[in-house]
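# below: sequence and its predicted model.
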Amino acid sequence: MKLKKNDIVTVMKGKDKGKTEKIEKVFTKEGKVLITGVNQFKRHIKGRAGGQKSEITIITKPVSVANVKLVCPKCKKLTRVGYLVQKTGKVRICKKCKKEI
Ligand SMILES: [Zn+2]
């Protein structure tokens, strides 16, 4: 998984196309990320008999990493992630400005 929690990404597809938000959670196995305020759905919870009020809850569903692009924190451009192997280990770099991100 190339994206990490707290990365800033732009949504490229779907109803939230164009939104730029932070990744809240990464689901490595599924290849999905949960992004603040993106892919939200309203769920209506019916009140039970007995006077309980029904309510609407907003749930956020994860989106596929294929539908988002990373915004480089250094050059602020939409970019892809590359890796550079150094003595200390692998570092993530921006393919545009080549800086470590
Ligand atoms: Zn960059």
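Okay, I see it.

# for the ion, see how far away the residue of the chain most remote from its centre is.
Centroid-distance maximum for the chain: residue 50 at 39.9 Å, with CA atoms, centre = their mean. Distance, residue 50 to the ion, by CB to the ion, to the nearest Å: 57 Å. For every residue, glycine as well, the C-beta is placed using N, CA and C.

# going forward, count from 46.
Right, with 46 as the first residue, what we last looked at is residue 95.

# ok so that residue is a strand residue?
No - checked against DSSP: H, G, I helix; E, B strand; the rest coil, residue 95 lies outside a strand; its state is coil.

# now it: how far from residue 68?
40 Å (CB to CB, to the nearest Å).

# and for residue 107?
The spacing between residue 107 and residue 68, counted by CB to CB, is 10 Å.

# what does residue 127 give?
Relative to residue 68, residue 127 is positioned 18 Å away (CB to CB).

# of these two, who's got more company?
A direct count of neighbours by other CB atoms under 10 Å for residue 127 and residue 68 places residue 68 higher, at 22 against 14.

# roughly how far apart are the more buried one and residue 120?
Residue 68 is 19 Å from residue 120, where distance means CB to CB.

# dig out what residue 124 forms beta bridges with.
Under DSSP bridges, the beta-bridge partners of residue 124 are residue 115.

# quickly note the distance from it to the ion.
On the measure of CB to the ion, residue 124 and the ion end up 5 Å apart.

# could you check the pLDDT of that residue?
Turning to residue 124, the model gives it a pLDDT of 97.

# what ranges does the chain have for its helices?
For the chain, applying DSSP state H gives no helices.

# ok, longest strand in this protein?
The longest strand of the chain (DSSP state E) is strand 65-72.

# and for that strand, what's in contact with it?
Contact partners of strand 65-72, identified using CB atoms under 8 Å, 6 or more residues apart in numbering, comprise 46, 48-56, 77-83, 105, 107, 116.

# ok, 7 Å please
For strand 65-72, contacts defined as CB atoms under 7 Å, 6 or more residues apart in numbering pick out 46, 48-55, 78-83, 107, 116.

# distance check, residue 78 against residue 129.
Look at residue 78 and residue 129: by CB to CB, they are 23 Å apart.
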